[in-house]
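Engineer: kindly generate the corresponding structure for this input.
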Amino acid sequence: MTAVSLTASGCVVVHGGRVVVPAGTRGEAARAVEEFTAAYNKADAAYDASLDAAYTAGPLKVIDAARLKAGHVNHPGGNPQHTPLALSDVRYTIPKKAGWPRWFVADAQANKGGSARWLMVFQRHDVSERWQATYLTLVAPGALPEFEKDADGWAEAVPADASGLAAAPGT
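Structural biologist: Now for the predicted structure:
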């Protein structure tokens, strides 16, 4: 009886470790970028790494904390040159995948870094965690290749046996 009632009720268990689904929603990605930017601006203005520590992880967290610590040593009262970071034309690349961690890429035009686009990787290890920026680099205009996306706009996986995708350094 229980099996019949569960089947009839439409109750389904989805195993995130086995089912290929989008890593997150476009709304989650947009909120993650907005929250990161707000925290980045607070931390940069105060030269205080604790203000964006919850929004960064990995290499970016280490580099950012060192930058803010050095700034604080020179200017304990805060950043006298602070200009709030503003991102525009943000493009999201969100893959479908099974398991954790989940990640997505955001690339944006910024009011810092000249004409280069900011390429950021966001990651989380569980649905209950906040998205954290783990990697940031600036990419010259036109140097960022287009990411392949399916008909629904989700990033396409590169087949493991695809040819022509490897390139020598500097190419």
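Engineer: kindly check the end-to-end length of stretch 136-148 for me.
Structural biologist: 21 Å (CA to CA, to the nearest Å).
Engineer: same check, this time on stretch 38-52
Structural biologist: 8 Å.
Engineer: same check, this time on stretch 140-148
Structural biologist: First-to-last residue span, stretch 140-148, CA to CA: 20 Å.
Engineer: output the lowest mean pLDDT helix or strand found in this structure.
Structural biologist: One helix or strand of the chain scores below all others by mean pLDDT, DSSP states H and E: helix 2-9, with a mean of 46.
Engineer: for the chain, just list every one of the strands.
Structural biologist: Here the chain has its strands, by DSSP state E, at 21-22, 87-93, 96-97, 102-110, 117-124, 132-139.
Engineer: out of the ones you listed, which comes closest to residue 30?
Structural biologist: strand 87-93 (7.3 Å; CB to CB). Placement of C-beta: from N, CA and C, glycine included.
Engineer: and that closest one with strand 117-124, angle?
Structural biologist: 50 degrees (axes from the mean of the first three to the mean of the last three CA atoms, to 10 degrees).
Engineer: who's in contact with strand 87-93?
Structural biologist: 26, 29-30, 33, 37, 104-110, 118, 147, 149, 155 (CB atoms under 8 Å, 6 or more residues apart in numbering).
Engineer: from the residues you listed, which single one is nearest residue 51?
Structural biologist: Set against residue 51, the nearest of these by CB to CB is residue 37 (12.5 Å).
Engineer: report the contact partners of the residue nearest in space to the middle of the chain.
Structural biologist: For the chain, residue 122 is the residue whose C-alpha lies nearest the centre (CA atoms, centre = their mean; 2.1 Å). Residues in contact with residue 122 (CB under 8 Å, 6+ apart) are 29, 32, 33, 36, 103, 104, 105, 106, 131, 132, 133, 134.
Engineer: same thing but 7 Å
Structural biologist: Shown in contact with residue 122 (CB atoms under 7 Å, 6 or more residues apart in numbering): 32, 103, 104, 106, 131, 132, 133, 134.
Engineer: and the residue lying closest to the second one once chain neighbours are set aside, how far from residue 139?
Structural biologist: What that stands for is residue 103. Once flanking residues are discounted, residue 103 sits nearest to residue 123: 4.5 Å by CB to CB, 6 or more residues apart in numbering. Here residue 123 is placed at a distance of 19 Å from residue 139 (CB to CB, to the nearest Å).
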